[in-house]
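>>> here is my input, please return the structure:
(one chain, ligands or ions: 1)
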Amino acid sequence: MKIAVLPGDGIGTEIVAEAVKVLNVLDLPFEMETALVGGAAYEAHGHPLPDSTLKLAKQADAVLFGAVGDWKYDTLDRPLRPEQAVLGLRKNLGLFANFRPAICYDELVSASSLKPELVSGLDILIIRELTGDIYFGQPRGRRVSPDGHFPGAEEAFDTMRYSRPEIERIARVAFEAARKRSKRVTSVDKANVLETFQLWKDVVTEIGKDYPDVALDHMYVDNAAMQLVKAPKKFDVVVTGNMFGDILSDEAAMLTGSIGMLPSASLNSSSQGLYEPSHGSAPDIAGKGIANPLATILSAAMMLRYSLNQPQAADRIESAVKDVLASGLRTADIYSEGKTRVGTREMGDAVVASITKKTTKG
Ligand code: NAD
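Alright, predicted model coming up:
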């Protein structure tokens, strides 16, 4: 089992170190190789996704990714900015399906910005299409406007587009995932104003006929944004396009109390995947040793389950995370009165200790 470890920038290096520590204690035959990505790679090699890093990622069964980016790179040409590394990896590895679970742990209900009764027991899976939509559509650019409301003025434009096969494959992923859960899919679109999302809705409806055991409903993205804060437990599997999924999955993240708790997986058709926390590189807290490593540790658990076929090892990590939370340990982002505040390393150590204790007992 070969894992490419790409810590990246900011807190990326701190949180990935903890996930690697947890993987090492499982005593499984991993081969882990680390490479630079993002701003760190730009500094060393002049590019956020050097060929050597891409080659390593392609050869691996899975990529464990931290986060990339820092405001200091915001003035670089867009292709050289750290965030381009994530887009490049997704594109080159064909990672079209992004799984973002939003689970509210009982111990953290009070950390949510919503009332406890709205989030207690929350377990949503947002499936976001990752390789199409307005983030990749061509043409795009800046120019002098040839027409429109202000001819001759500077303008910028992007292209939203989806093809039928792209929608079909993500729809199938969503229906299959729903079969393993409570057999409900909500497809989120904006078919009332966008041609792209009328096609989306038509195709998802057609594919849905192959899954008569799964209930399908459709919701406009503006309504979905409202419902996620009004009655989030109504959702089970949510499937949507790249841009809407980007926004809604962050909104769902907040329901659970902290973005520092949320893992994610991005998979291609051969189950090769990139696993990363849902949050970014958090430059505001980088180097302080206070970042929450649990999203990355839980991403490593998803990696074991979806790409490395080690579901029991994934269970061991997830159960250790629950134990650690139950014991009252909290990083600053999830801290509440009466709990024990710990740093990044102590949190990682506690997960390792819980796994080791259970292994010894077993
Ligand atoms: P962010 O997710 O990095 O941070 C948002 C807020 O959440 C900050 O206050 C941060 O301190 C906090 N936070 C994030 N992760 C945390 C953790 N593990 N523990 C405790 N607190 C945590 O988003 P941002 O500030 O908008 O972006 C910062 C940089 O990250 C930007 O350069 C952005 O482009 C990049 N980014 C990268 C990725 C990625 O690598 N996939 C994703 C999103 C943003």
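
>>> C-alpha from now on. contacts and neighbour counts both.
Noted.

>>> ok, and what's touching the helix or strand hosting A353?
Here A353, judged by DSSP states H and E, is contained in helix 344-361. Identification of contacts with helix 344-361 by CA atoms under 8 Å, 6 or more residues apart in numbering yields 14-15, 18-19, 21-22, 25-26, 289-294, 316-317, 320-321, 323-324, 329-331.

>>> then stretch 70-81?
9-10, 38-39, 42, 46-48, 69, 82, 84, 281, 283.

>>> cross-check those residues against the ligand and keep the overlap.
Near the ligand, judged by CA under 6 Å from any ligand atom, the entries from the contacts of stretch 70-81 are G69, S281, P283.

>>> what about those residues, which one has the most neighbours?
G69 (25 neighbours; other CA atoms under 10 Å).

>>> with adjacent residues omitted, what lies nearest to that one?
Once flanking residues are discounted, G69 sits nearest to P82: 5.1 Å by CA to CA, 6 or more residues apart in numbering.

>>> which residue is the nearest non-sequential neighbour of P139?
T159 (6.0 Å).

>>> tell me the contacts of the one you found?
T159 makes contacts with D133, I134, Y135, F136, G137, Q138, P139, R140, as judged by CA under 8 Å, 6+ apart.

>>> so the second one touches R140, yeah?
It refers to I134. No. Using CA atoms under 8 Å, I134 is not in contact with R140; the gap is 9.1 Å.

>>> who has more neighbours, these two?
Neighbours per residue (other CA under 10 Å) separate I134 from R140, with I134 holding more: 18 against 14.

>>> how close does the spatially closest residue to that one that is not a sequence neighbour sit to the ligand?
Distances taken as CA to CA, 6+ apart place M160 nearest to I134, at 3.9 Å, with adjacent residues excluded. For M160, the distance to the ligand equals 21 Å [CA to the nearest ligand atom, to the nearest Å].

>>> M219 now?
Using CA to the nearest ligand atom, we find M219 at a distance of 26 Å from the ligand.

>>> got it, and A19?
In terms of CA to the nearest ligand atom, A19 sits 12 Å off from the ligand.

>>> just checking, what packs against whichever strand or helix holds S266?
Using DSSP H and E, S266 falls within strand 263-267. Helices and strands touching strand 263-267, by 3 or more CA pairs under 8 Å, 6 or more residues apart in numbering; DSSP states H and E, are strand 97-103, strand 273-277, helix 294-306.

>>> give the rounded mean pLDDT of it.
For strand 263-267, the mean pLDDT works out to 94.

>>> returning to that earlier point: ok so the residue nearest to P139 is a strand residue?
No. Using DSSP: H, G, I helix; E, B strand; the rest coil, the assignment for T159 is coil, not a strand.

>>> pull up the gap between the one residue in the stretch 101-250 of the chain that gets nearest to the ligand and E43, please.
Distance from the ligand to each residue of the stretch 101-250 of the chain (CA to the nearest ligand atom) is smallest for D250, at 9.2 Å. The gap separating D250 from E43 is 29 Å, by CA to CA, to the nearest Å.

>>> so what pairs up with the residue nearest to the spatial centre of the chain in the strands?
Geometric centre of the chain, nearest residue: S264, 3.3 Å, by CA atoms, centre = their mean. Counting by DSSP bridges, S264 is bridged to E276.

>>> picking up where we left off before, any of the contacts of helix 344-361 buried? List them.
Buried members of those, counted by 16 or more other CA atoms under 10 Å: 14-15, 18-19, 21-22, 26, 289-294, 316-317, 320-321, 323-324, 329-331.

>>> restricted to helices, list those residues.
14-15, 18-19, 21-22, 294, 316-317, 320-321, 323-324 (DSSP state H).

>>> okay, buried residues for the helix or strand hosting A174 please.
Per DSSP H and E: A174 is located in helix 164-179. By neighbour count on 16+ other CA under 10 Å, the buried set for helix 164-179 is 166-175, 177-179.

>>> save the residues you listed as TSV, and put in pLDDT and distance to V239 too.
As requested, these are exported to TSV (pLDDT from 0 to 100; distance: CA to CA, whole Å):
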residue	pLDDT	distance to V239
E166	96	13
I167	98	10
E168	97	12
R169	95	11
I170	96	8
A171	97	7
R172	95	10
V173	91	9
A174	94	6
F175	95	9
A177	85	10
A178	92	10
R179	90	14
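
>>> residue numbers of the protein in contact with the ligand?
Contact residues (CA under 6 Å from any ligand atom) of the chain with the ligand: 67-71, 83, 259-260, 279-285, 291-293, 333.

>>> can you rerun that using 8 Å?
Contacts of the chain with the ligand, taken as CA under 8 Å from any ligand atom, map to 8, 11, 15, 65-71, 73-74, 82-83, 86, 258-261, 276-286, 290-296, 331-333.

>>> show me the shaky parts of the stretch 251-362 of the chain.
361-362 (pLDDT under 70).

>>> how does this protein divide up, domain by domain?
Per the record, the chain has its domains at 1-96+268-362, 100-135+162-261, by automatic domain parsing.

>>> now these in a markdown table, with distance to E155?
Putting the domains of the chain into a markdown table (distance: least, CA to CA, whole Å) gives the following:
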| stretch | distance to E155 |
| --- | --- |
| domain 1-96+268-362 | 17 |
| domain 100-135+162-261 | 16 |
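
>>> hmm, S112 and M254 touching each other?
Yes. M254 is within contact range of S112, at 6.7 Å (criterion: CA under 8 Å).
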